[in-house]
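[1] Quick check, what structure comes out for this input:
(chains A and B)
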Amino acid sequence: MDDYVITVLSNIGMISFIGLSAYLLLVTGEISFGQQAYFGLGAYAAGAVTAMFLLPIWVGILVGACVAGGIAMVVGALTLRLSGLYFSISTLAFAEMVRLILLIVHVQVEVEGEMVGPAGAEGFHGIRWMFERDLSLAHFMLLIYGLLALVLIVLLLVERSRLGSVFRMLGSDDLLAEMQGLDTVRYRILAAGVAGVISGIGGALYAHFTTYVEPQFFNVMLGVHALAYGLIGGLGTAFGPFIGVAIDIGFLESVRFIQGYRMIVFGGLAAVLLIFMPRGILDEERVHRLKTLFRRRNHAGAQRR
Amino acid sequence: MLEVRRLHVSYGGLRAVHGVSLEVRTGEIVCIIGPNGAGKTSILNAVSGIVAPEAGDVLFEGQPIGGLPAHAVVARGIVQVPEGRLIFGTLSVEENLRVAAHRRGPFVLRRRDRPGLRRLFPALADKLDGPAAGLSGGEAQMLALARGLEAEPRLLLLDEPSLGLSPKMAEEVFALIRRLRDQGLTMLLVEQNVRQTLALADRGYVLESGRITLQGTASDLLSDHRLVSNYLGVSAGASLDPASGR
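    Here you go, the predicted model:
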């Protein structure tokens, strides 16, 4: 594989984290325009751990995930009593706040004769953990997909458990959920925290893949894309967002002649899909039909044996 | 088991329940009957924590529960089966049930054998994996009931379980309530289907415009001439003349 293919695949992998993050909140009925903030916080925190404190990358990813998840839970506790549009606006406002704060944060330490750390609008350079260890892009891609698989497995297990049904129930009727004995506020904060962790892991990986991050990257367009992945790919299963990411980065990014028109094509595609498939390609109904098909085939196979 | 004292419930200044007192003893079926808009559902909602009482006390086994959030009331063992068969259509039948099993923690997986369910709700047991949206009206009501039981209630609040069902389905719902009583479940039942309700209840309260106008054992109420003339004897006239329903 050449470096271009590896880069595209790695981007798909890393962006999938924020797609899954927004997806989880969509399932619980919350439209967040702010998941890019946790991606950014995860990137800065993880970068600081490895580049400024010279700790191993797994510590960086862990810290990035925890910082993003912790802040997401605090923000969640403050905003989740808001509903609908008000919630969405508050997430957007918070994300912009984070971005603007990162634009002025200047914390640098001297590491081996060089100043390393967030430098406001110039970004955070020198997150070179991967290159200092002679890891190839392909190796790092394996790390990305390993973690992505781990997150996906956890999400799929959650979806199969009572917790998954609870999350879906929050998305359709809060009062009815309360009547089933569910502390909806607590479950919402939990969902926000998990979504923050997922986004933070993506950010932590991103910082180490590109070796530098700047606040500008974590602007609202990243959050809008993250939402669109779930909405296009489908809200019926955690596999949904991957379809969205694959369409956006995998297809549109790689087809040369629409390169300059990517956003236009993507926006139009999102609009068309939302009209004809309001809950995405893999919505609950199609997922259910696929499951039935799968179960029936398994059943038939078992009988033949 | 449940004691409601001088309960007042208001919605934005409009008072729906005026100083209602009632009691449910362990093992009883108590019903609240009365016309539309009398405040029957408001009483249930105040007990289950959906609305906060404006004034008055709600005691469950001696403990005040008035004003607790709904999920905390469920945790104490009071479960409301809401009117209108509110189920989650996008979830499967089994998932609807699983959500309500709050005593089992968040990580319960799908349960394959549900002998209890098969015994009480044979129609549902065969459709566990189908989407709840695909159920008929009667099946959906059965699911709402089954879901209520899944929360392992000590007191079940039933809000118009026969509403909108065919007479045959309504009969099945009442038969089920009878079986639940025989298993020792305590129930507070709100209904408009007066004759069938009084036939299975132990005691009843008649609610009109937010006040209790009559109360007594079900057999006393069935033979009360005011109740008979208002709700039972004049079904044809009532539908022609709205005033006679009062």
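[2] so residue A:50, which of the three states?
    Using DSSP: H, G, I helix; E, B strand; the rest coil, the structure places residue A:50 in helix.
[3] what's the distance between it and chain B?
    33 Å (C-beta to the nearest C-beta, to the nearest Å). Every C-beta, even on glycine, is put in place using the N, C-alpha and C of the backbone.
[4] try residue A:219
    When distances are taken as C-beta to the nearest C-beta, residue A:219 and chain B turn out to be 33 Å apart.
[5] which residues of the chain fall in helices?
    No chain in the question, so chain A it is. Ranges of helices within chain A are A:3-27, A:35-47, A:57-79, A:84-104, A:129-132, A:137-160, A:162-172, A:174-179, A:184-210, A:220-233, A:240-245, A:262-276, A:284-304, based on DSSP state H.
[6] that's the other chain; I wanted chain B
    So, for chain B - with DSSP H - the helices run B:40-48, B:70-76, B:93-100, B:115-120, B:122-125, B:137-150, B:167-182, B:194-200, B:218-222, B:225-227, B:235-240.
[7] buried residues in the second one?
    Going by neighbour count (16 or more other C-beta atoms under 10 Å in any protein chain shown), the buried part of helix B:70-76 is B:70, B:71, B:73, B:74, B:76.
[8] For chain A, tell me which of those residues show up nearby.
    Filtering the buried residues of helix B:70-76 for neighbours of chain A using C-beta under 8 Å from any C-beta of the partner chain leaves B:70, B:71, B:74.
[9] which residues touch the first one?
    Residues counted as contacts of residue B:70 (C-beta atoms under 8 Å, 6 or more residues apart in numbering or on different chains) are A:175, A:178, A:179, A:181, B:48, B:49, B:50.
[10] Make a PyMOL selection of the buried ones in those.
    This is the PyMOL syntax for the buried subset of those, where burial follows 16+ other C-beta under 10 Å:
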select buried, (chain A and resi 178+179+181) or (chain B and resi 48+49+50)
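[11] Any chance of CSV for the contacts of residue B:70, columns distance to residue B:220?
    Listed next are the contacts of residue B:70 as CSV, based on distance: C-beta to C-beta, whole Å:
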residue, distance to residue B:220
A:175, 36
A:178, 37
A:179, 33
A:181, 36
B:48, 28
B:49, 32
B:50, 31
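[12] would you turn the contacts of residue B:70 into CSV with pLDDT and distance to residue A:145?
    Shown next, in CSV, are the contacts of residue B:70 (pLDDT from 0 to 100; distance: C-beta to C-beta, whole Å):
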residue, pLDDT, distance to residue A:145
A:175, 84, 41
A:178, 88, 39
A:179, 89, 42
A:181, 88, 39
B:48, 94, 48
B:49, 92, 46
B:50, 91, 47
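[13] Closest one to residue A:228 out of the contacts of residue B:70, please.
    Distances from residue A:228 to those, taken as C-beta to C-beta, are shortest for residue A:175 (29.5 Å).
[14] With adjacent residues omitted, what lies nearest to that closest one?
    Excluding the flanking residues, the one nearest residue A:175 by C-beta to C-beta, 6 or more residues apart in numbering or on different chains is residue B:50, at 6.7 Å.
[15] The one you found and residue B:83 touch, don't they?
    No: with contacts counted by C-beta atoms under 8 Å, residue B:50 stays clear of residue B:83, the gap being 11.5 Å.
[16] coming back round to it: quick check: which of the helices of chain B is nearest to residue A:103?
    With C-beta to C-beta as the criterion, residue A:103 lies closest to helix B:70-76 of those, at 41.7 Å.
[17] Point out the residues in chain B that sit beside chain A.
    Chain B comes close to chain A at residues B:48-50, B:69-72, B:74-75, B:79-80, B:82, B:86, B:88-92, B:95-96, B:98-102, B:104-110, B:129, B:131, B:147, B:151, as judged by C-beta under 8 Å from any C-beta.
[18] Sketch out the low-pLDDT regions of chain B for me.
    B:85, B:112-113, B:228-229, B:231-246 (pLDDT under 70).
[19] Closest to the centroid, which residue in chain B?
    Closest residue to the average C-alpha location of chain B: residue B:158 at 1.0 Å, with C-alpha atoms, centre = their mean.
[20] so that residue touches residue B:81, yeah?
    Yes: using C-beta under 8 Å, residue B:158 is in contact with residue B:81, at 5.2 Å.
[21] List the contacts of residue A:241.
    A:16, A:19, A:20, A:22, A:23, A:229, A:230, A:233.
[22] With pLDDT and neighbour count as added columns, please give those in TSV.
    Listed next are the contacts of residue A:241 as TSV, based on pLDDT from 0 to 100; neighbours: other C-beta atoms under 10 Å in any protein chain shown:
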residue	pLDDT	neighbour count
A:16	94	26
A:19	95	31
A:20	96	29
A:22	96	31
A:23	95	30
A:229	92	31
A:230	91	27
A:233	90	27
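[23] And for the closest residue to residue A:109 other than its chain neighbours, the neighbour number?
    Spatial nearest neighbour of residue A:109, chain neighbours left out: residue A:52 (5.1 Å); criterion: C-beta to C-beta, 6+ apart. Residue A:52: 19 surrounding residues under other C-beta atoms under 10 Å in any protein chain shown.
[24] do you know how far residue A:52 is from residue A:208?
    Separation of residue A:52 from residue A:208 (C-beta to C-beta, to the nearest Å) stands at 13 Å.
[25] before we move on, back to that, just the buried residues of the residues of chain B next to chain A.
    In the residues of chain B next to chain A, burial by neighbour count holds for B:48-50, B:70-71, B:74, B:79-80, B:82, B:86, B:88, B:90-92, B:95-96, B:98-102, B:106, B:108, B:131, B:147, B:151, counting by 16+ other C-beta under 10 Å.
[26] Let me see the contact set for the nearest residue to residue B:145 once chain neighbours are set aside.
    If the residues on either side of it in the chain are set aside, residue B:145 comes closest to residue B:81, at 5.8 Å by C-beta to C-beta, 6+ apart. Residue B:81 is in contact with B:144, B:145, B:147, B:148, B:156, B:157, B:158, B:159, B:161, counting by C-beta under 8 Å, 6+ apart.
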